[in-house]
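[1] give me the fold of what follows.
(chains A and B)
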Amino acid sequence: MIRIIGIGSPFGDDAAGLEAARRIAEDPPAESEVVLADRPGIALIDLLRDVPIVVVIDAVRSGHAPGTVHDLALGEVARLAGRRFTSHDASLPEALALAEALGHALRGRFLGVEIGEPSVENVAAGFTVAVENGLREVTARARRWAAFLAPQVRLGKTLSPRLA
Amino acid sequence: MTKTRSLAIDLLARVEGEGALRVTIERGQIVELRLKIFEPPRFFEAFLRGRDAAEVPDLVARICGICPIAYQMSAVHALERSFGMAIDPQVRALRRLYYCGEWIESHALHVHLLAAPDFFGCESAMELARKDRAAVERGLRLKQAGNAIITALGGRSVHPVGAAVGGFWRTPHTRELALLRESLLHAREDAAACLRWTAGLALPDRVLDAEFVSLRHPAEYPMNEGRLVSSRGLDCAVERFDEFFEEYQVRDSNALHARIKGRGAYFVGPLARLNLNVDRLGPELASAVEDAGVRFPSTNPYASIVARAVEILYSVEEALRIIAAYEPPPTPKSPLVPRAGRAAAVTEAPRGSLYQSYETDAQGLVRSVRIVPPTSQNLAQIESDLAMGAAETLRRPSRQAALAFERLIRNYDPCISCSTHSLRLEVVER
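    Residues are numbered from 1 along each chain as shown, chains lettered A, B, ... in the order given. Okay, here's the model as predicted:
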């Protein structure tokens, strides 16, 4: 079983991860379940339990052009965690790093859609064209990853940490 | 000649919001120590004006992602007082249960992930998790138990939407609360272990000459009701807040500070609450605290971590008691019949007393609002605490000095985002 987790606030481009998961849930890939997790903070750790592989989808702001798709192994995302950790705002890297420190194997992929500066106009209008394009791309990639990873999980194959 | 040493350290990791600490030293003496809060103001008091009173609980919940219940509770109590509404006793009990959920989740996170790393020489929760996995897992379980209560009453644990002026939009069935009971029975064991764990920590010796302030209720450990009292004899109805307390602006800060008129800084939060209400814990918990080998009242700010652990255990026990006695009220909320008026309320947020006052017109539209969050009330006290022994602290290497200041600040669990309003340490030497 693969768990596909969509993360994001419900508003504007920041909802890209949630929306990707919602679209995938309309016709979920075989041997997969889809979770719309809103903004789980450290509760993400609970979503990593009891499944061998996850695919996490979220909006990203890293300075790239809006719509850019990021496709990383989960462990690579955990390496991005900084020292900052607050109860209001445990970011995805920090939640993953804490999960790893607690002994949870980080097995899976992270798919991110780059978004721009949030604005009131964006919240009212829905996804910008660039982000919509990125959103379609991560939705397709999440399906491809699920199709590739599911048989490996079923056959009990050990996946390289670089891959997932 | 002025020599400025800017250390530019992201000082306040593991607290909320953006700020800096600036220390000015002249001929070896500290002449100024100031928390600069540059988290942008959020204007909640301004944009609540003109809104319908019924919208207020959902709006103020957005002030804080970690203590939304506190903002909702101070708001509904003030508005209900203004409208002269009577509240069903079961609704009152459910509100207390709601608050228990918030105390458990907020304190569990602060104790295990934000404060505890300091006591084990760890830089982060991740490092502590590698050193003491069981403790961090326990913190996460406790947080989940608190979140489950909030979800049962608020619909969701983040930005809950269940609270209404007059009660709740929906009250739970008895069987829904019975489901919480099992997780709370496990949480009781975790909370007791957490108390023993914090009580066993080697707390640095520090004696504060501070005035502690919290609510005090005639019979209960205070959450939603009571009078404001202090360790130096202040005792007033919450409606008289303005007679005894005042906010003031300081340079370089987007957060107002607060003081007791004619006296100065004061200390709010779990340590203040416990110091002033230790006799309201009930005999069983009081003896558990005694067995753990800790004594309250305490003037050591580092004992705040133990006070939080005591309040986690209290909240779990109180939640179990409320669930056992629960009978669904006849209606989830009393009808809202607006009238022109003005009223205030103080409730006890995880971080301390939270004051709100509302003036409404005859249609129930908000005309003016004042919100005084606990962190604003603590800022002057934090500065005073930091100043004590700061010259000595600054003789240490920069990194160590910053960590020592950070650790002191974390005792107060400040929420800079809420009060506006990683801290850099900036030392100016003349």
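[2] contacts only, for residue B:63.
    By Cβ atoms under 8 Å, 6 or more residues apart in numbering or on different chains, the contact list for residue B:63 reads B:42, B:44, B:71, B:371, B:373, B:418. The C-beta positions use only the backbone N, C-alpha and C, and glycine is treated the same way.
[3] nearest residue to the second one in space, please, no chain neighbours.
    Going back to what we said before, that points to residue B:44. Nearest residue to residue B:44 in three dimensions, chain neighbours excluded: residue B:63, at 5.8 Å (Cβ to Cβ, 6 or more residues apart in numbering or on different chains).
[4] picking that back up, which entries within the contacts of residue B:63 meet the buried criterion?
    B:44, B:71, B:371, B:373, B:418 (16 or more other Cβ atoms under 10 Å in any protein chain shown).
[5] tabulate those residues (TSV), appending pLDDT.
    Listed next are those as TSV, based on pLDDT from 0 to 100:
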residue	pLDDT
B:44	89
B:71	96
B:371	93
B:373	91
B:418	50
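[6] the bottom helix or strand of chain A by mean pLDDT?
    helix A:120-125 (a mean of 70; mean pLDDT, DSSP states H and E).
[7] count of residues packed around residue B:179?
    13 (other Cβ atoms under 10 Å in any protein chain shown).
[8] again, but for the one 4 residues further on
    Neighbour count for residue B:183, taken as other Cβ under 10 Å: 16.
[9] which of the residues in the helix or strand that contains it are classified as buried?
    Using DSSP states H and E, residue B:183 falls within helix B:174-199. For helix B:174-199, burial by neighbour count (16+ other Cβ under 10 Å) applies to B:177, B:180, B:183-184, B:187-188, B:190-195, B:197-199.
[10] ok, of these, which one's closest to residue A:135?
    Minimum distance to residue A:135 across the buried residues of helix B:174-199 is 36.6 Å, recorded for residue B:183 (Cβ to Cβ).
[11] tell me the spacing between that closest one and residue B:152.
    Relative to residue B:152, residue B:183 is positioned 10 Å away (Cβ to Cβ, to the nearest Å).
[12] likewise residue B:411?
    Separation of residue B:411 from residue B:152 (Cβ to Cβ): 31 Å.
[13] neighbour count: the two, which is higher?
    Shown here are residue B:411 and residue B:152; by other Cβ under 10 Å, residue B:411 has more neighbours (25 against 21).
[14] got a list of what the residue in chain A that chain B sits nearest to touches?
    Going by Cβ to the nearest Cβ, chain B is nearest to residue A:101 of chain A, at 3.7 Å. Counting by Cβ under 8 Å, 6+ apart, residue A:101 makes contact with B:125, B:126, B:127, B:129, B:130, B:133, B:136.
[15] report the buried members of the residues you listed.
    Here, 16+ other Cβ under 10 Å leaves B:125, B:126, B:129, B:136 buried among these.
[16] elements contacting the longest helix seen in chain A?
    For chain A, the helix with the greatest residue count under DSSP state H is helix A:129-154. When contacts are defined as 3 or more Cβ pairs under 8 Å, 6 or more residues apart in numbering or on different chains; DSSP states H and E, helix A:129-154 packs onto strand A:2-6, helix A:16-26, strand A:53-60, strand A:69-73, strand A:108-114.
[17] nearest to residue B:315, out of the ones you listed?
    Between residue B:315 and the helices and strands packed on helix A:129-154, the shortest gap by Cβ to Cβ is with strand A:2-6, which sits at 30.2 Å.
[18] what about the spatially closest residue to residue B:88 that is not a sequence neighbour, how many residues nearby?
    Leaving aside its sequence neighbours, residue B:88 sits nearest to residue B:329 (Cβ to Cβ, 6+ apart; 4.3 Å). If you count neighbours by other Cβ under 10 Å, residue B:329 ends up with 19.
[19] on the pLDDT front, check residue B:329 for me.
    What the model reports for residue B:329 is a pLDDT of 97.
[20] pLDDT weak spots in chain A?
    For chain A, the stretches with pLDDT under 70 are A:83-90, A:120-123, A:161-162, A:164.
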